[in-house]
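[1] Using only what follows, build the 3D model:
(chains A, B, C and D)
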Amino acid sequence: MKVVVHYFASLRDRAGCSSEDVEMADGASLSALYAQCSTRHGFDFPQARLRVALDDAFVSWDHGLHEGAQVVFLPPVSGG
Amino acid sequence: MKVVVHYFASLRDRAGCSSEDVEMADGASLSALYAQCSTRHGFDFPQARLRVALDDAFVSWDHGLHEGAQVVFLPPVSGG
Amino acid sequence: MPDFAISESPIDPALLRQAMQSPQCGAFVAFEGWVRDNHLGKSVLALDYQVYRELALGEGERIMHEACARFTIVDARAVHRVGSLALGDLAVWVGVSAGHRDAAFSACRWIIDEIKARVPIWKREHYADGVSEWLHP
Amino acid sequence: MPDFAISESPIDPALLRQAMQSPQCGAFVAFEGWVRDNHLGKSVLALDYQVYRELALGEGERIMHEACARFTIVDARAVHRVGSLALGDLAVWVGVSAGHRDAAFSACRWIIDEIKARVPIWKREHYADGVSEWLHP
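    As a prediction, this is how the structure comes out:
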């Protein structure tokens, strides 16, 4: 299945793009997706420091993935 | 000695004036002054509920009086 | 410069806020007291505030300086309106600027509490039933 | 109506405040976050804020509604600026109106804390030494 991963802030700078398509095996987990992206781009953040959003809603890391999913790995926020 | 007493809020309404000259014996206390004014005008406030100011500064009730003193008996405030 | 003022004319919060802007401040907190249309279940039509001006200015100024000593803030200012006020009118404004929000919130709250407790200003409420009453809490 | 907005253009606090005026409110508290010229001892020249807009709007809206449920307030609104900001610019504004000041202060403080903790907005600081850095506290 194909999913789209979006990046913000330092993750965007490190990835060098604001989003990318990623091909994953059916049934792959969000953790596996982050592990793959993190290895490829050399992200500094362990998964435990990130929140994850699926289709514009926060989800837990054990939430399932689906074809066409829009995924965002959120580093710690600093608004205000 | 002659002192001037100023009134605000409900004390002013009850006294029917914003200030008045009062003749007191030399050495008279602020408490004696309030007792006299209170009796004459029929104020509802026991002295303990009031603060007192002398010459535009808060003072304690045992502070002395002098000729020409400007005295204010302050009922509980309600600004803000 | 901390400052406390008494105003017979409407308070302009935009102007007051602007005068406090400073690049060393990351946080600004403002409190506004508005004339409310009800008090303890009674319908309020209007208010008068009476002030013992000389002492109010001195006591207000002391509060502002005490706030600057107690809290890590950059500036604190307050204005209290007096005279006749209509519903919705701005009765009192307190603004505090600081490096960080914690001090700005704490100082602003402390200042309005102290003003209400210490500054010689009295409120008379005019009720819908025709009665009016000085508040002496 | 509680409301949370994201703005690419300067925030006008006077306009926001005016829209919240109501005769049932006796208290109004506003928090403003300003771009400060220093952070942890480093000299700051400017800021960028980046936002994950869809989720930020949803999460911001949830915070405003939670505030209305938690505190006895009448209205709560907030606006967060994004894009490039200069020193002294207004980065975030939170306004709360209520019958009484206790709830207005508590809710305003709670809202800004929740915004900073939960809303997906990120700040990049540009320092005087030429370095710039995303903050991920």
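
[2] Which strand or helix spans residue A:71?
    strand A:70-74 (DSSP states H and E).

[3] how about low-confidence regions in chain A?
    When the per-residue scores of chain A are filtered using pLDDT under 70, no range remains.

[4] In it, which residue sits closest to chain D?
    In chain A, the residue that lies nearest chain D is residue A:79 (3.1 Å; Cβ to the nearest Cβ). For glycine as for every other residue, the C-beta is placed from the backbone atoms N, C-alpha and C.

[5] and that residue, what is it in contact with?
    The contact partners of residue A:79, by Cβ atoms under 8 Å, 6 or more residues apart in numbering or on different chains, come to D:49, D:51, D:80, D:92, D:115, D:116, D:119, D:120, D:121, D:122, D:123.

[6] quick one: contacts for the residue lying closest to it once chain neighbours are set aside?
    Excluding the flanking residues, the one nearest residue A:79 by Cβ to Cβ, 6 or more residues apart in numbering or on different chains is residue D:121, at 3.1 Å. For residue D:121, the contacting residues are A:77, A:78, A:79, A:80, D:49, D:50, D:51, D:52, D:56, D:80, D:82, by Cβ under 8 Å, 6+ apart.

[7] Mind doing that once more with 6 Å?
    A:77, A:79, D:49, D:51, D:56, D:80 (Cβ atoms under 6 Å, 6 or more residues apart in numbering or on different chains).

[8] Residue C:135 too?
    Residues in contact with residue C:135 (Cβ under 6 Å, 6+ apart) are B:78, C:123.

[9] Adding distance to residue A:62, write the contacts of residue A:79 out as CSV.
    Conversion of these to CSV gives the following (distance: Cβ to Cβ, whole Å):
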residue, distance to residue A:62
D:49, 31
D:51, 27
D:80, 30
D:92, 33
D:115, 27
D:116, 27
D:119, 24
D:120, 21
D:121, 26
D:122, 25
D:123, 30
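
[10] From the residues you listed, which land in helices?
    When these are checked against helices (DSSP state H), the matches are D:115, D:116.

[11] which of the contacts of residue A:79 has the most neighbours?
    For these, neighbours were counted using other Cβ atoms under 10 Å in any protein chain shown, and residue D:121 has the most, 27 neighbours in all.

[12] gap between the helix ranked longest in chain A and the chain center?
    Among all segments of chain A classified by DSSP H, the helix with the greatest residue count is helix A:30-41. Relative to its parent chain, helix A:30-41 has a centroid offset of 7 Å by Cα atoms, centre = their mean, to the nearest Å.

[13] Now do the closest residue to residue A:60 other than its chain neighbours: how many residues are near it, please.
    When the adjacent residues along the chain are set aside, residue A:60 lies closest to residue A:52, with 7.8 Å between them (Cβ to Cβ, 6+ apart). Here the number of neighbours of residue A:52 (other Cβ under 10 Å) works out to 18.

[14] Residue C:9: how many residues sit nearby?
    Residue C:9 is flanked by 7 other residues according to other Cβ under 10 Å.

[15] gap between it and residue D:16?
    24 Å (Cβ to Cβ, to the nearest Å).

[16] can you pull the contacts of whichever residue of chain A sits closest to chain B?
    With Cβ to the nearest Cβ as the measure, residue A:80 is the residue of chain A nearest to chain B, at 28.7 Å. When contacts are counted by Cβ under 6 Å, 6+ apart, residue A:80 is found next to D:33, D:92, D:115, D:116.

[17] So the second one is in contact with residue D:80, correct?
    When you say that, I think you mean residue D:92. Yes - if you go by Cβ atoms under 6 Å, residue D:92 and residue D:80 touch, sitting 4.8 Å apart.

[18] Next one: the closest residue in space to residue C:65 that isn't next to it in sequence from chain D, what distance?
    Using Cβ to Cβ, 6+ apart and skipping residues adjacent in sequence, the residue nearest residue C:65 is residue C:2, 5.6 Å away. According to Cβ to the nearest Cβ, to the nearest Å, residue C:2 and chain D sit 19 Å apart.

[19] Give the burial count for residue C:2, as a bare number.
    Neighbourhood size, residue C:2 [other Cβ under 10 Å]: 21.

[20] Which parts of chain C are helices?
    With helices called from DSSP H, chain C shows them at C:13-18, C:53-70, C:101-118.

[21] Could you report the separation of the closest residue to residue C:106 other than its chain neighbours from chain D?
    Counting by Cβ to Cβ, 6+ apart, the nearest residue to residue C:106 once its immediate chain neighbours are dropped is residue C:71, at 5.7 Å. For residue C:71, the distance to chain D under the criterion Cβ to the nearest Cβ works out to 14 Å.

[22] thought residue C:71 was touching residue C:103?
    Yes - with contact defined as Cβ under 6 Å, residue C:71 counts as touching residue C:103 (4.7 Å).

[23] near chain D, which residues of chain C?
    Within chain C, the residues that sit near chain D (Cβ under 6 Å from any Cβ of the partner chain) are C:14, C:21, C:23, C:25-26, C:28-32, C:34, C:36-37, C:87-88, C:105, C:109.
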